[in-house]
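>>> Mind folding the following:
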Amino acid sequence: MFFLGFSAGLPLLLVIGTLGFWLREAGIDLKTIGFMSWIGLVYGCKWIWAPLVDNLKIPFLTCLLGQRRAWLLVSQILIIICLCGMAFSDPSNQFKILVFFTFFAAFGSATQDISLDAYRIESADVKMQGALAAAYQTGYRVAMIWAGAGALALAAFFQHTDSNVYDPGGWKVAYLIMSASMLVGLVTTLLSPKPNKVDEEHKYEQLSEIGKNITVFIESHPHWPSSLAKIIGWLKFIAWVPISDFFVRYRWHAVAILLLIATYRISDVVMGVMSNPFYRDMGFSKDEVAAISKVFGVVMTLIGTFLGGIIVLKAGVLKTLFLGALLSAATNVLFSFLASLGHNLTFLIFTVSADNLAGGLASAAFVAYLSGLTNVAYSATQYAVFSSIMLLLPKFLAGFSGVMVESIGYSNFFLTTAAIGIPVLFLILLIAWLEGKKT
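Numbering: from 1, shown residues only. Modelled structure (predicted):
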């Protein structure tokens, strides 16, 4: 899970966060950078093709590796190809080509997430999901540091011009090395065991049952064209049944749960798009941002992730969720203060450290929470729906972040992102109250 978490976390910053620093250095305006973050909506739409990943067999690979690892391998290969394509695309004069490769890198990354989430859920029972989530998030966060601080450091090291002058050559080498780093996940996929045998056998039984249900559906609609009946039957049993299962289990409490999922990461995601352009505009060099993120960010992220896993085991998921949401909103206030200070390395260290601590803790708790909501019979589809809902609203709002910064400035922007995280705290309290009434 640690190495597969690394493989999952690596592409995310390369198509959204680190790319923002690259685009800003290449002279791309903030509005364009903000709107380009909408490519991240791909992660919020993965529920659309999650049923395919859950049920469609890949010729030869599925027999050789199993359903989950076959899809993992294909998605990882796509990511490697697209990161190479991004490396050879200079945004200053090949912007459309860069957008093309960025989109499909995000698509491959989202597909990898679908397969990996299902693989994790099917590999252990509910009691172990907190520990697996912590290991996964640790690898995920280390990858984000490597894709953030590491990519910036590499781009600075391999550039041939002064640090304040744009040089696409440094970014080309950095993204090629990032592409090679995806081999960690690819090799891990090939060497990893298949999921829990009992769950895998149950999955194949379920697929057989779905096939029978689709056949019965076609036979019960003899006046429909066979192809149309097959498509509708497929959608009913592959897509609708997994989604309706969640509402059957949670009933009207599902509304509050879905609201929490949709808004839990809103403070972080909306703020995150502008963080790298912010560093650039505050006068921090690639070397400074990389060094601070690498030294302090890694340590605090690991501490936050492990703390999240421990607190989930000791205090429960909802209490940890509340703490993570509170800390995430609070750290955005620190960014606002940094905006008023300007180029202050000491306060940047403190801000980045606090932000990574909060992010690690909140993410570990949230992954454990989503895993606990999932029915193992529909793990890929249900988790994809949950994680898609988690991103749709935040990613949509994040697209306007550049417009907001140009209108109200960085300081007020960060305060606004902190404020929109406050309603999340009340939602967690509501869900805790609802669960208390149910017991």
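
>>> So which bits of the helix or strand containing Gly169 are buried?
Using DSSP states H and E, Gly169 sits in helix 168-181. Buried residues in helix 168-181, counted by 16 or more other CB atoms under 10 Å: Pro168, Gly170, Trp171, Lys172, Val173, Ala174, Tyr175, Leu176, Ile177, Met178, Ser179, Ser181. Every residue, glycine included, has its C-beta placed from N, CA and C.

>>> nearest residue to the fifth one other than its sequence neighbours?
Residue nearest to Val173 in three dimensions, not counting chain neighbours: Phe158, with 4.1 Å by CB to CB, 6 or more residues apart in numbering.

>>> Report how many residues lie close to the one you found.
Residues lying near Phe158 (other CB atoms under 10 Å) number 16.

>>> which ones are touching it?
Going by CB atoms under 8 Å, 6 or more residues apart in numbering, Phe158 touches Gly169, Gly170, Val173, Ala174.

>>> Of these, which is the nearest to Phe107?
Ala174 (21.7 Å; CB to CB).

>>> wait, isn't that closest one in contact with Leu154?
Yes. Counting by CB atoms under 8 Å, Ala174 touches Leu154, with 3.9 Å between them.

>>> so what's Tyr378 scoring on pLDDT?
Per-residue pLDDT puts Tyr378 at 66.

>>> same deal with the one 5 residues further on?
On pLDDT, Tyr383 comes in at 71.

>>> measure it to Trp38 for me?
23 Å (CB to CB, to the nearest Å).

>>> One more: Ser275?
From Ser275 to Trp38 the distance is 17 Å (CB to CB).

>>> out of the two, which sits in the more crowded spot?
The residue with more neighbours, out of Ser275 and Trp38, is Ser275; 21 against 16, by other CB under 10 Å.

>>> Which residue comes closest to that one once chain neighbours are left out?
Among residues not flanking Ser275 along the chain, Gly17 sits closest, at 6.9 Å (CB to CB, 6+ apart).

>>> That neighbour: what's it in contact with?
Gly17 makes contact with Met144, Ala147, Gly148, Gly272, Val273, Ser275, Asn276, according to CB under 8 Å, 6+ apart.

>>> before we move on, what about Ser181?
Leu10, Ala143, Trp146.

>>> how close does the residue sitting furthest away from the middle of the chain get to Ala229?
Most distant from the centre of the chain: His223, at 44.2 Å, with distances by CA atoms, centre = their mean. Per CB to CB, His223 is found 9 Å from Ala229.

>>> ok, now Ser109?
Ser109 is 35 Å from Ala229, by CB to CB.

>>> now Leu259
Look at Leu259 and Ala229: by CB to CB, they are 36 Å apart.

>>> give me the low-pLDDT residue ranges for the stretch 151-300 of the chain?
Low-confidence segments of the stretch 151-300 of the chain (pLDDT under 70): 162-164, 195-214, 226, 230, 234-239, 293-295.

>>> Can you tell me the number of residues neighbouring Ala131?
Each residue near Ala131 was counted by other CB under 10 Å, and the total is 16.

>>> in which helix or strand would I find it?
helix 129-145.

>>> now the helix or strand following that helix and helix 168-181, what's the angle there?
Under the assignment DSSP H and E, the closest C-terminal helix or strand after helix 129-145 is helix 151-158. Orientation note: helix 151-158 sits at an angle of 130 degrees relative to helix 168-181 (axes from the mean of the first three to the mean of the last three CA atoms, to 10 degrees).

>>> can I get the CA coordinates of helix 151-158 in PDB?
Extracted in PDB, the C-alpha atoms of helix 151-158 (Å, rounded to 0.1, in the frame of the first residue of the first chain):
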ATOM      1  CA  ALA A 151      10.200  18.300  -9.400                       C
ATOM      2  CA  LEU A 152      11.000  22.000  -8.500                       C
ATOM      3  CA  ALA A 153      14.500  21.100  -7.300                       C
ATOM      4  CA  LEU A 154      15.100  19.000 -10.400                       C
ATOM      5  CA  ALA A 155      13.800  21.800 -12.700                       C
ATOM      6  CA  ALA A 156      16.100  24.300 -10.900                       C
ATOM      7  CA  PHE A 157      19.100  22.000 -11.000                       C
ATOM      8  CA  PHE A 158      18.900  21.200 -14.700                       C
END
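
>>> For it, list every residue counted as buried.
For helix 151-158, by 16+ other CB under 10 Å, it's Ala151, Leu152, Ala153, Leu154, Ala155, Ala156, Phe158.

>>> Roughly how far does the fourth one sit from Ile428?
When you say that, I think you mean Leu154. In this view, Leu154 and Ile428 are 39 Å apart by CB to CB.

>>> now do the third one
Ala153 sits 37 Å away from Ile428, going by CB to CB.

>>> My guess is Phe3 contacts Gly139. True?
Yes. With contact defined as CB under 8 Å, Phe3 counts as touching Gly139 (6.0 Å).

>>> Settle it for me: which of these two has more neighbours?
Remark: of Phe3 and Gly139, Gly139 carries more neighbours, 24 against 19, as counted by other CB under 10 Å.

>>> contacting residues around the more buried one?
Taking CB under 8 Å, 6+ apart, we find Gly139 in contact with Met1, Phe2, Phe3, Leu4, Gly5, Phe6, Ser7, Ala8, Gly9.

>>> Tell me, how many residues neighbour the first one?
A count of nearby residues for Met1, using other CB under 10 Å, gives 23.

>>> Next one: it from Thr111, what distance?
Counting by CB to CB, the gap from Met1 to Thr111 is 18 Å.

>>> neighbour-wise, which of Ser109 and Ala229 wins?
Ser109 (28 against 18).

>>> my guess is the more buried one contacts Ser75, does it?
Yes. Counting by CB under 8 Å, Ser109 touches Ser75, with 7.4 Å between them.

>>> if we can go back for a sec, so the helix or strand just after the helix holding Gly169 versus helix 129-145, what angle?
Following helix 168-181 in sequence order, the next helix or strand is helix 183-191 (DSSP H and E). Orientation check (the same axes, to 10 degrees): helix 183-191 against helix 129-145 gives 150 degrees.
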